[in-house]
Structures are given as C-alpha cells and as structure tokens.
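*Asks:* Show me the folded form of this:
(one chain, ligands or ions: 1)
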Amino acid sequence: MDRTAAVTPSAPVPPSAAVPPSAAEGDDDIGYDSYLDLEALLSSQRPTTPDSEAFTHASEHFFIVAHQSSELWLKQVLLDLELAAHAVAAPARDLELCLDHVQRAARIVELLAEHFAVLDRLSLSCFARFRRRLGTASGAASEQFRALNRALGLYGDKSALYQGFLDTLDERALTPVEMYRRAPQIGAVYRLAEGLVDLSQAVRRWQLVHLGAAIRQIGPSPGTGGSEGVDFLARRMAAPFPELWQARAQLHEAQAS
Ligand code: HEM
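*Replies:* Residues are numbered from 1 along each chain as shown. Next up is the predicted model:
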C-alpha cells in the first residue's frame, strides 16, 4: 500500500517519485491507486463552471467535494448502523459489538458536521454564479440521507437498531429512566444508551450547522430543491431516540421534586 515504506530516502522526496510503482508493488500487489479506485474517484468532480473561470471553477469544485465526501462517509455510517442493528437483535444481543458500530457512526456524523466549518469558506459571489446552474439539485434528494433518517427512526417508525435496544431493556425489566438511575453499574446497556445519545447529539449538531450554513449562504432565498429554504430546515430539526432525552430530563425532574 505505502510506496514510500520500502525506501529510506536521505532527502525529502515527493511520494509519487519516491519509488517506481513496479518496485514497491509486487506482481500480485493490488497497488494504492487501484485498491482505492482513485482514477474513478478523482475524475468524479465535474464543475459546471468552465476552467477558464478559475476562481469560480475552484469554488464549485470545493462545493462538490464537500457533498461527495459527505455521501462517502454516509455510506460508512449506514453500513455501521446496519451492523449495529444486527448485533443488538435477538438472539445475539451483542451490546459491545453494537456499541462499537454506534460509536463509529457517531464520530463520523460529528465529522460530517465539521464539513460546514469548511463550507463557510465558500465564496458567496462564486456560489451565486454557479448555483443557478444546479437546477433542482438539492441535498433534499439524497437517498442516503433518507436512509439515515430511516435508520434513526426520524420518520415515525422505530428503527431496527433502536427497537433492539428497547427490547434489551425490556428483557432486563428496565425502563430508560430506571436504566439511567442504575448507571453506570448497570454496564453495557448504559454504555450503549450513551452511544445512542452521542449519535443523536451528532445528528442534531449536523442539522444545526447545516441550518447555519444555509442562513449564511442563501439567507431568505428559497432552496434549489423547491422548499422555502431556512424555515423549512428549521422545521425539519428533530432528535433521534427522543425517549432517551425524555428519560434524562425525568431524572432531573425527580431530583427537583
Ligand atoms: C452551501 C452549503 C449548503 C446550503 C446553502 C444548503 C441549503 C439547503 C437547503 C435550503 C435545503 C432545503 C431543501 C431545498 O429546498 O433545497 C437543504 C436540504 C438538505 N441539504 Fe443542504 N445545503 C448546503 C450544504 C449541504 C451539504 C454539504 C450537505 C451534505 C451532503 C447537505 C445535505 C442536505 C440534506 C440531506 C438536505 C435535506 C434535509 C431534510 O430534508 O431534512 N447540504 N440544503
């Protein structure tokens, strides 16, 4: 994988020139580029702005990379959430394995939220120039984001992951409030609840910073997807696993009374 690993150059050498691919990769070595399918990946950014308008072209490239990398990470989140749901389902109820996947998904969603700190560097005048060419293209059409919302139970039905967690509590004759009362000694089920709260919080953070980016970049203009824009996004904000947040609040209420 690492072409530079086989040599110890005395002076800094650009990675691409460090060693010829044929010397580092044996005949049966798949090679860095082909393993990652870099040719396809790096030729998938196609701004509508011509190269001749260099500054706007670069801004649109930046906008595309932010969206594409989000979709790529989302693919991983969906994979982890599927495996988390599988791990927590009966008969396995493997809470530690489930937690591993949930924690990774939560960290990635935090990273997705960070994309917006980067997107603040999108030049407004360039965005205005290429935005009219986006037509109706909008994040609202993202199939993977819809799948994420389903996996988080944001469309009303409880997701398989969350149902598996609630069933685990049921089998132990625990309500979410009772589980929190007996934490941390109650063990893995509590840690999993905390993992789900981390994930829920990361999703809320994504929603919040996305709203902030929309306010900064388009103000009161409508969205390209046909919605009224920021007001629509504000109404869409919702926390996954609301019963866990309610149970946390109930613990405070019980202390206050
Ligand atoms: C300059 C940056 C961005 C702006 C101004 C913006 C703006 C908007 C607006 C106004 C909407 C409402 C739907 C519409 O009418 O288009 C929307 C929806 C959405 N956008 Fe963005 N967005 C930005 C970046 C991103 C990025 C980087 C992603 C990640 C892939 C993303 C994903 C989504 C998703 C998933 C929705 C649907 C939300 C829902 O239905 O709850 N957006 N965006």
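*Asks:* Only C-alpha atoms from now on, for both contacts and neighbour counts.
*Replies:* Noted.
*Asks:* Residue 51 contacts residue 60, correct?
*Replies:* No: contact criterion Cα atoms under 8 Å: residue 51 and residue 60 do not qualify, at 10.7 Å.
*Asks:* More neighbours: which of those two?
*Replies:* With neighbours defined as other Cα atoms under 10 Å, residue 51 and residue 60 compare such that residue 60 has more, 24 against 11.
*Asks:* tell me the contacts of the more buried one?
*Replies:* Neighbouring residues of residue 60 by Cα atoms under 8 Å, 6 or more residues apart in numbering: 47, 48, 49, 126, 127, 130.
*Asks:* Just confirm yes or no for the strand or helix carrying it near the ligand.
*Replies:* Taking DSSP states H and E as the criterion, residue 60 maps to helix 54-88. Yes: using Cα under 6 Å from any ligand atom, helix 54-88 reaches the ligand at 66, 67, 70, 71.
*Asks:* Show me how this protein divides into domains.
*Replies:* What automatic domain parsing lists as the domains of the chain is 1-43, 54-256.
*Asks:* With respect to burial, which of these scores highest?
*Replies:* domain 54-256 (a mean of 17; mean count of other Cα atoms under 10 Å).
*Asks:* Give me the distance between the spatially closest residue to residue 65 that is not a sequence neighbour and the ligand.
*Replies:* Of all residues not flanking residue 65 in the chain, residue 45 sits nearest, at 7.1 Å (Cα to Cα, 6 or more residues apart in numbering). According to Cα to the nearest ligand atom, to the nearest Å, residue 45 stands 14 Å off from the ligand.
*Asks:* which ones are touching residue 45?
*Replies:* Residue 45 neighbours (Cα under 8 Å, 6+ apart): 61, 64, 65.
*Asks:* How about the secondary structure of it?
*Replies:* coil (DSSP: H, G, I helix; E, B strand; the rest coil).
*Asks:* Can we start the residue count at 47 from this point?
*Replies:* From this message on, residue numbering opens at 47, which makes the last subject residue 91.
*Asks:* The nearest residue to residue 103 once chain neighbours are set aside: neighbour count?
*Replies:* Spatial nearest neighbour of residue 103, chain neighbours left out: residue 95 (5.1 Å); criterion: Cα to Cα, 6+ apart. When counting by other Cα under 10 Å, one arrives at 19 neighbours for residue 95.
*Asks:* in what helix or strand does residue 95 lie?
*Replies:* Per DSSP H and E, residue 95 falls between elements, in no helix or strand.
*Asks:* isn't it right next to residue 102, touching?
*Replies:* Yes: using Cα under 8 Å, residue 95 is in contact with residue 102, at 6.7 Å.
*Asks:* so what sits against both of these two?
*Replies:* residue 176.
*Asks:* I'd like to know which residues of the protein are adjacent to the ligand.
*Replies:* For the chain, the residues in contact with the ligand (Cα under 6 Å from any ligand atom) are 112-113, 116-117, 184-186, 188, 191, 259-260, 263-264, 269-273, 275-276, 279, 282.
*Asks:* So which of those are in strands?
*Replies:* Using DSSP state E, no member of those sits in strands.
*Asks:* pretty sure residue 148 contacts residue 243?
*Replies:* No: if you go by Cα under 8 Å, residue 148 and residue 243 don't touch, sitting 9.9 Å apart.
*Asks:* one step back: the residues of helix 100-134 next to the ligand into a markdown table, with extra columns for distance to residue 293 and pLDDT?
*Replies:* Output for the residues of helix 100-134 next to the ligand, formatted as a markdown table (distance: Cα to Cα, whole Å; pLDDT from 0 to 100):
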| residue | distance to residue 293 | pLDDT |
| --- | --- | --- |
| 112 | 36 | 96 |
| 113 | 35 | 97 |
| 116 | 32 | 97 |
| 117 | 33 | 98 |
